[in-house]
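A.B. asks: This is a predicted model, with the sequence first.
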Amino acid sequence: MKNTQLYPFERNKYFYGKLLSVEDFNFEQKYMNDKRRLVNRLVHGIGVVSGLNVVRVDDMTISVESGLAFDTTGREIVVDMPVTKKLSMLSGYDAAISGGSKAYVYLCIEYSEGEKGSSHNIANESAAGNADRIKEGYNLYLTSSEPDDSIARTDMLYEQSVTVFWNGNVKIRHVVPKFVKPDSPFKFRVEIETYSHQFAAFSYDIQLVCLNTVPDGGSVIKVNFDETLFEKTGRYTLEFDLVSGNVNDTEGTATPDALTFRLAYDKSPAEGVLSGASSVKITDDETYDAIVNDSYDHSMDTELRNTVGQRLYLARIMLVNSVGSSIIDTIENVPFNQYVASNMLMSALLRSRRGAAGQLMTVQENTQSEKSGPSEKGVEVASGICRVNLNSGSLKNKVFYSEEIYHGLGLGSVTIVLGSVTDSGTIYGSSGIFREGEAQYELAAKLDPSKGSFVIGVLTRSTVLEDYADVKWTAIRDVSEKVAEKSSMKITIKPNSLVIRPRETKYLEAVCSNMTNKTVRWTVSPATGGEIDANGKYTAPNVEGVYEVIAQSAVYPEVKASIMVVVRG
């Protein structure tokens, strides 16, 4: 049942009196399995469907959560309960860390099956009992081998990623969109990964054909990178603005010039060779149509053949040398984004997008407001009229305040514009210029970015005879500023991992960065994984295992963080 040839399909034809053999029953199972696996592979894809997170237990031990994945032939890999393994006990360990200087290893998973149980053989009573079950399972193993650039993942449908340099210490990839329209701008990315404690630096030229740099219109990209100029994270991205040529159905290319490549570690020159080229299809077709057509143009044989033998990478495990041995430093889950998006997930994302676009305006007491979505200029606008109560007969230089007004554009910075509403129209700025002989007001607004609200203040500049003043307010928010604010928000949980005994308690701290409202909600997954109160006091369950504790912003639900808790006696 380890076949990788899924078709052509033939199934049993039954008729009265047919003699059925072992081969017929095996043939029946193969037919059903192959049909299901072909659908898994071509409809759903390759990668992790659910779970399978890898967490560090101690210096040399990892735990893999339960979960499901599809391999390159559509076979289901099921881990039905969390499994804990020492790295040294995994297949491929010695080869993966040979030399003792490896900065990382990859944890991979593969489908396996074996015989189980025994049954009496009535055809040959003297024969030993035969296994009567096939148990489907999995193997975990380690490797230091990198996948090639054709590894199956969703971003390869719309982007092309080419590794132009890799020597074990530095990896350089060029990433471009697969399709662009003629004479259209796009981003050219240089993605860099470093795996050495030394600081890397390099430079080289990229020769362009049917592509040009912005704004000078040149045909050469000058790439310069010096790791000492960045916070050392091991991952960096350089972006270059390019524009496609005014041509159609043509390949634009970006080829690194190997003769210009210069490499150094801690300012000491090193050797290295660049290779590989990137290509962009320049076409009048809409990008959506081009991606769909390109996907459907692949034959089934080509689609399956290109992925046979690909590994399924669960984690990149970073190692550090300690007293002559390698120990676990950090773990990066699914490093090559080999995920399978379920129909439920895609449906939720689409509904979430529709919900964000269709938000209803909120109506506050004493305030009539209207809210519009992003305009062509990239702003969100909300407006309304607020009635501020005054004391009839008050003298000038008296200050009156409105109730708290929620503008409906969310938390953070917005611009508030105020105008005085009169019978003849709305006056913005100094009312004395247009309202000669009438009450004059000076208007101001005090914004509370942590609540998404503001208060209007009215200062009388003359004696007031009216009982109220109507103020027209307009709140304006730059969408790019809103996105930037959210992208800078971050939650960090201290400690970042936890090993605890059953029923033991531990306080966790959620550190909120760049957030005006720091209220968080604590949850545990699964729900049987213990209890945690609003103050971060976590109580472990009675059952040993690996559980996830999540801290989520009460105001920004998309901002959250989690840690893995290992409960063991």
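C.D. replies: In hand now; what should we look at? Residues are numbered from 1 along each chain as shown.
A.B. asks: domain assignment for the protein?
C.D. replies: Listed by automatic domain parsing, the domain ranges of the chain are 1-142+306-350, 154-299, 367-483, 489-567.
A.B. asks: what ranges do the helices span in the stretch 151-300 of the chain?
C.D. replies: Secondary structure of the stretch 151-300 of the chain (DSSP state H, counting those that start in this stretch): helices at 287-297, 300-305.
A.B. asks: can you tell me which of the ones you listed the model trusts least?
C.D. replies: Ranked by mean pLDDT, the helices of the stretch 151-300 of the chain bottom out at helix 300-305, with a mean of 68.
A.B. asks: So which bits of the helix or strand following it are buried?
C.D. replies: Next along the chain after helix 300-305, taking DSSP states H and E as the criterion, comes strand 312-322. For strand 312-322, the neighbour count (16 or more other Cβ atoms under 10 Å) marks 312-319 as buried. Heads up, the C-betas are built off the backbone N, CA and C, glycines and all.
A.B. asks: would you list these in a markdown table and tack on distance to residue 544 and pLDDT?
C.D. replies: Below are those laid out as a markdown table (distance: Cβ to Cβ, whole Å; pLDDT from 0 to 100):
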| residue | distance to residue 544 | pLDDT |
| --- | --- | --- |
| 312 | 27 | 90 |
| 313 | 28 | 91 |
| 314 | 22 | 92 |
| 315 | 22 | 91 |
| 316 | 27 | 88 |
| 317 | 23 | 89 |
| 318 | 26 | 84 |
| 319 | 27 | 83 |
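A.B. asks: element containing the residue positioned nearest the centre of the chain?
C.D. replies: The chain has residue 337 as the residue nearest its centroid, 9.0 Å off, counting by Cα atoms, centre = their mean. Residue 337 is part of no helix or strand, with elements assigned from DSSP H and E.
A.B. asks: Look up how far residue 316 lies from it.
C.D. replies: Going from residue 337 to residue 316 by Cβ to Cβ, to the nearest Å gives 12 Å.
A.B. asks: Overlap in contacts, the two.
C.D. replies: Counting by Cβ atoms under 8 Å, 6 or more residues apart in numbering, residue 337 and residue 316 have no shared contacts at all.
A.B. asks: Below-threshold pLDDT in the stretch 201-350 of the chain: ranges please.
C.D. replies: Applying pLDDT under 70 to the stretch 201-350 of the chain flags residues 296-303, 305-307, 322-324, 349-350.
A.B. asks: which stretches of it form strands?
C.D. replies: 211-213, 220-226, 235-244, 250-265, 268-270, 278-282, 312-322, 325-333 (DSSP state E, counting those that start in this stretch).
A.B. asks: closest one to residue 141 among those strands?
C.D. replies: Among the strands of the stretch 201-350 of the chain, strand 312-322 comes nearest to residue 141, with 10.3 Å by Cβ to Cβ.
A.B. asks: List the neighbouring strands of that closest one plus their orientation.
C.D. replies: strand 104-116 (antiparallel), strand 325-333 (antiparallel) (DSSP bridges).
A.B. asks: By average pLDDT, which secondary structure element in this structure comes out worst?
C.D. replies: strand 367-372 (a mean of 44; mean pLDDT, DSSP states H and E).
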